[in-house]
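>>> sharing a model that was predicted from the sequence below.
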Amino acid sequence: MSHSSSESGRRVWPPAIEDVIAARDGDMRAMGDVLGAGHPRLVAFYHGVGLPYDLVGEIVADALEGMVRNFSQLREPDAFEGWFWAIARNRMRTALRRYRSPNRPQDAFVSPTTPEERTILSEEHTHIRAALALLSARDRELLWLREVEGLDYEDIGSRLGATVGAVRVSCHRARKRLEEAFIRLEGSE
Amino acid sequence: MSNRSAPRDDQVKNDPFDELRRFADDLIRAVPQGRSEAEVARAIRTVTAPRRRRLPALVAASVSGLFVLNLAGAAVADSSAPGDVLYPVDRSYEWVSDVLGLGGDRSGERLEEATVLTDRSEYDAALELMIESLPNSEVVAAARAIRTADLTGTDLRSVVMDLLAVARQISESTNAADAGELAEAEEEVREIVTDLPGDTAPGNTGNTPGQSGDTPGDTAPGNSGTTPGDADPPDNSGDGPPATAPGNSGGNSGNGSSGSTPAVTSPRSGGGNSSKP
């Protein structure tokens, strides 16, 4: 399912199915490992879709609590990734409803305080950040889940009530918009 | 970390999706593992120990609820009179506040309750309440005397209401530390007692009903005082202050009233005329 994985120490993503089962069955150590591997991806996702820095920490904590609370209800360990991202997206939407400008990307300069914030502001990623900023929040979310996390269309759409076809079309359009924005920005340089 | 400004060797230019994935990888790698572990551990702690976190809030909410209920109960029960369902609750609250040192003089409240009882024609209960709960010995003695007097109906009502009025004066005078007013009011109480029919006044030495007032010389100035026995007309009863103080033997007010119309008078209410028709 996943196209991307990163490993750093015990941070294996996607986690082994045995770990997911153990975590679901109440093994707190396994749960710590599984969610510990997911934590940086959550942080990256929320930053990547352009949430304000000050909101990211709050939503990450909220999403992790939701996952811990609902882990025992995970019926199919195979579907762990879809379940993980469904909670992440639901928590983000809840937080954005409280936030006044949900579509506003975090482009205003804020002094970086964490390593990931310094990464966001590094020159190397200026181009892609600017291109993402030209997209809607929904496009950024779809692109991240599809292109970065490698979720299939069914996983992306199932928990939103969208059909596979609709998700495929949406992803296709989002990709096209990103390419156009990217090219336009390159041309303007 | 990933604060790199130079392009990497494997970087594919002009592919936004590769740029996006590199951006994501850098972000993911930038998050320290220790921070991930700490945040996940905190989430697990938060969720798996909810009772401990909620307990203080639950206790605070319960205490607040009980406090509000208590206040409401006390407020509702406060206006109850003896015989009411809530009266024991009212007295219990008073007892608690007395124990806590928050209680004050409750004579006023007792008198209000006695007035309610009088309005309900529960004279015995009103007198009993005064005897039990009022601090002034004159009022208590008068209430006892009225209970034992041979009075019924409107006569009894009239006497009880007079006693209540004077008792209220006494309570106010006591609170205001007005000794003169207090002495006057107590004198009125004694008058109420001496005007009672029969041998009820404190210190009386045994006049039998019908004998009181037999002695014209004992009558107060202004009182016709010439008609002994039962023949006093109503408008004469209780005229003037009594010639004898409680404890004098023989001949009370000289009303000669033997039970038909107890003369309950107030010196300040019309020059010693009877307060009663």
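Cool, the structure landed.
>>> any idea which element residue 139 lies in?
Unless you meant another one, I'm taking chain A. A:Asp139 is located in helix A:137-143, with elements delineated by DSSP states H and E.
>>> should've been chain B
In this structure, B:Val139 sits in helix B:137-148 according to DSSP H and E.
>>> circling back to that earlier point, tabulate the CA atom coordinates of the helix holding A:Asp139 in CSV.
Written as CSV, here are the backbone C-alpha positions of helix A:137-143 (Å, rounded to 0.1, in the frame of the first residue of the first chain):
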residue,chain,number,x,y,z
ALA,A,137,-6.1,22.9,1.0
ARG,A,138,-8.0,20.0,-0.4
ASP,A,139,-5.6,19.6,-3.3
ARG,A,140,-2.6,19.8,-1.0
GLU,A,141,-4.2,17.1,1.2
LEU,A,142,-4.9,14.8,-1.7
LEU,A,143,-1.5,15.2,-3.2
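>>> residues contacting the helix or strand following it, please?
Remark: after helix A:137-143, the chain's next helix or strand is helix A:153-158, criterion DSSP H and E. Helix A:153-158 is contacted by residues A:1, A:79, A:81-82, A:85, A:142, A:145-146, A:162-164, A:166-168, A:171 when judged by C-beta atoms under 8 Å, 6 or more residues apart in numbering or on different chains. All C-beta spots, glycine's among them, are computed from the backbone N, C-alpha and C.
>>> can we see that at 6 Å?
Residues outside helix A:153-158 that contact it (C-beta atoms under 6 Å, 6 or more residues apart in numbering or on different chains): A:Gly82, A:Leu145, A:Val164, A:Val167, A:Arg168.
>>> buried subset of the residues you listed?
The neighbour count (16 or more other C-beta atoms under 10 Å in any protein chain shown) marks A:Gly82, A:Leu145, A:Val167, A:Arg168 as buried among these.
>>> output the residues you listed as CSV; include the columns pLDDT, distance to B:Glu138 and secondary structure.
Formatted as CSV, these follow (pLDDT from 0 to 100; distance: C-beta to C-beta, whole Å; DSSP: H, G, I helix; E, B strand; the rest coil):
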residue, pLDDT, distance to B:Glu138, secondary structure
A:Gly82, 90, 90, helix
A:Leu145, 93, 92, helix
A:Val167, 92, 95, helix
A:Arg168, 93, 101, helix
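>>> what's the closest of the residues you listed to chain B?
In terms of C-beta to the nearest C-beta, no member of these lies closer to chain B than A:Leu145, at 10.9 Å.
>>> spatially nearest residue to B:Glu37, not counting backbone neighbours?
A:Gly36 (5.2 Å; C-beta to C-beta, 6 or more residues apart in numbering or on different chains).
>>> correct me if wrong: that neighbour contacts B:Ser36.
Yes: here A:Gly36 reaches B:Ser36: they are 4.7 Å apart, a contact under C-beta atoms under 6 Å.
>>> who touches A:Ile120 in this structure?
Taking C-beta under 6 Å, 6+ apart, we find A:Ile120 in contact with A:His47.
>>> how close does it get to A:Arg129?
Distance, A:Ile120 to A:Arg129, by C-beta to C-beta, to the nearest Å: 7 Å.
>>> repeat for B:Val193
Distance from B:Val193 to A:Arg129, by C-beta to C-beta: 101 Å.
>>> more crowded one of the two?
B:Val193 (27 against 21; other C-beta atoms under 10 Å in any protein chain shown).
>>> backbone dihedrals for that one, please?
phi -70, psi -40 (degrees, to the nearest 10).
>>> list the contacts of B:Ser107.
B:Leu134, B:Ser171.
>>> nope, A:Gly38 is what I meant
By C-beta under 6 Å, 6+ apart, A:Gly38 lies in contact with A:Phe84.
>>> OK, contacts around A:Phe45?
By C-beta under 6 Å, 6+ apart, the contact list for A:Phe45 reads A:Trp144.
>>> pLDDT score assigned to it?
As predicted, A:Phe45 sits at a pLDDT of 95.
>>> from the contact counts, what lies against the longest helix along chain B?
Longest helix in chain B, counting residues (DSSP state H): helix B:50-78. Helix B:50-78 sits against helix B:87-99, with contacts defined as 3 or more C-beta pairs under 6 Å, 6 or more residues apart in numbering or on different chains; DSSP states H and E.
>>> let's test this: mean pLDDT of the next helix or strand after the helix it packs on, rounded?
With elements assigned by DSSP H and E, the helix or strand that comes after helix B:87-99 is helix B:107-119. Helix B:107-119 shows a mean pLDDT of 84.
>>> re earlier: nearest to A:Leu55 among the buried ones among the contacts of helix A:153-158?
A:Leu145 (18.9 Å; C-beta to C-beta).
>>> quick check: residues of chain B near chain A?
Chain B comes close to chain A at residues B:1-5, B:16-17, B:19-21, B:23-24, B:26-28, B:30-31, B:33, B:36-37, B:39-40, B:43-44, B:46-47, as judged by C-beta under 6 Å from any C-beta of the partner chain.
>>> among these, name the buried ones.
For those, buried by 16+ other C-beta under 10 Å: B:2, B:16-17, B:19-21, B:23-24, B:26-28, B:30-31, B:36-37, B:39-40, B:43-44, B:47.
>>> rewinding a little: in the helix holding A:Asp139, which residues are buried?
Neighbour-count burial for helix A:137-143, counted by 16+ other C-beta under 10 Å, picks out A:Ala137, A:Asp139, A:Arg140, A:Glu141, A:Leu142, A:Leu143.
>>> chain center to the helix or strand A:Leu35 falls within: distance?
Using DSSP H and E, A:Leu35 maps to helix A:28-48. Mean-position distance between helix A:28-48 and its chain equals 10 Å (C-alpha atoms, centre = their mean, to the nearest Å).
>>> any buried residues in that helix, and which?
Buried positions in helix A:28-48, judged by neighbour count with 16+ other C-beta under 10 Å: A:30-48.
>>> mind putting the buried ones among the contacts of helix A:153-158 in JSON lines, distance to chain B included?
Formatted as JSON lines, these follow (distance: C-beta to the nearest C-beta, whole Å):
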{"residue": "A:Gly82", "distance to chain B": "18"}
{"residue": "A:Leu145", "distance to chain B": "11"}
{"residue": "A:Val167", "distance to chain B": "17"}
{"residue": "A:Arg168", "distance to chain B": "16"}
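>>> A:Met92: which of the residues you listed is nearest?
A:Leu145 (11.5 Å).
>>> how about the residues of chain A near chain B?
So far as C-beta under 6 Å from any C-beta goes, chain A lies against chain B at A:6, A:9, A:28, A:32, A:35-36, A:39-41, A:43-44, A:47-48, A:64-65, A:68-69, A:115-116, A:118-119, A:122-125, A:128, A:147-148, A:178-179, A:182.
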